[in-house]
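Participant: Make a model of this:
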Amino acid sequence: MEAALEDNHAAIILVAQVGAQREEVLARRNVATVLLHLGDWEAAKQQVEEGLALARDLGAKRFIAGFLHNLGSVLAASGQRLEGEACLQEAYGLICESL
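Facilitator: Numbering: from 1, shown residues only. Have a look, this model is predicted:
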């Protein structure tokens, strides 16, 4: 998992330099997923929040929903249950809209 983390961190830097926002969203999603599996909640939250902001800028609802789901999980795990629930509800609403 460490190699995947390093590769995707490098990808974030490269795609950000060329302004490839969609690819940056994907790389940040990958990094956040690895960090969540490693239990590094704070670093995962940072990647999720940055990815969420980019996804919102792009209007990419599928990615917004995914980041909101991850953010909700991180917040709930860190004791912020109400904030986590709000994120999960927003994610669910976006998914329902897309059906």
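Participant: list the contacts for the residue sitting nearest the centre point of the chain?
Facilitator: Nearest to the mean C-alpha position of the chain, counting by CA atoms, centre = their mean, stands residue 48 at 3.1 Å. Residue 48 makes contact with 28, 32, 67, 70-71, 74, according to CB atoms under 8 Å, 6 or more residues apart in numbering. All C-beta atoms are positioned from the backbone trio N, CA, C, and that covers glycine.
Participant: And it, which helix or strand is it part of?
Facilitator: helix 41-58 (DSSP states H and E).
Participant: I'd like the next helix or strand past that helix.
Facilitator: By DSSP H and E, the next helix or strand past helix 41-58 is helix 61-77.
Participant: pLDDT (mean, whole number) over that following helix?
Facilitator: The pLDDT scores in helix 61-77 average 95.
Participant: Which SSE is immediately downstream of it?
Facilitator: helix 81-98.
Participant: Averaged pLDDT, that following helix. What do you get?
Facilitator: On average, helix 81-98 scores 96.
Participant: C-alpha coordinates for that helix, PDB please?
Facilitator: Extracted C-alpha coordinates of helix 81-98, given in PDB (Å, rounded to 0.1, in the frame of the first residue of the first chain):
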ATOM      1  CA  ARG A  81     -21.200  11.800  14.300                       C
ATOM      2  CA  LEU A  82     -23.700  14.600  13.400                       C
ATOM      3  CA  GLU A  83     -21.300  16.100  10.800                       C
ATOM      4  CA  GLY A  84     -20.600  12.700   9.400                       C
ATOM      5  CA  GLU A  85     -24.200  11.900   9.100                       C
ATOM      6  CA  ALA A  86     -24.900  15.100   7.300                       C
ATOM      7  CA  CYS A  87     -22.100  14.200   4.700                       C
ATOM      8  CA  LEU A  88     -23.600  10.800   4.300                       C
ATOM      9  CA  GLN A  89     -27.100  12.100   3.800                       C
ATOM     10  CA  GLU A  90     -25.800  14.600   1.100                       C
ATOM     11  CA  ALA A  91     -23.900  11.800  -0.600                       C
ATOM     12  CA  TYR A  92     -27.100   9.600  -0.600                       C
ATOM     13  CA  GLY A  93     -29.100  12.500  -2.100                       C
ATOM     14  CA  LEU A  94     -26.700  12.900  -4.900                       C
ATOM     15  CA  ILE A  95     -26.800   9.200  -5.700                       C
ATOM     16  CA  CYS A  96     -30.600   9.200  -5.700                       C
ATOM     17  CA  GLU A  97     -30.500  12.200  -8.100                       C
ATOM     18  CA  SER A  98     -28.400  10.200 -10.500                       C
END
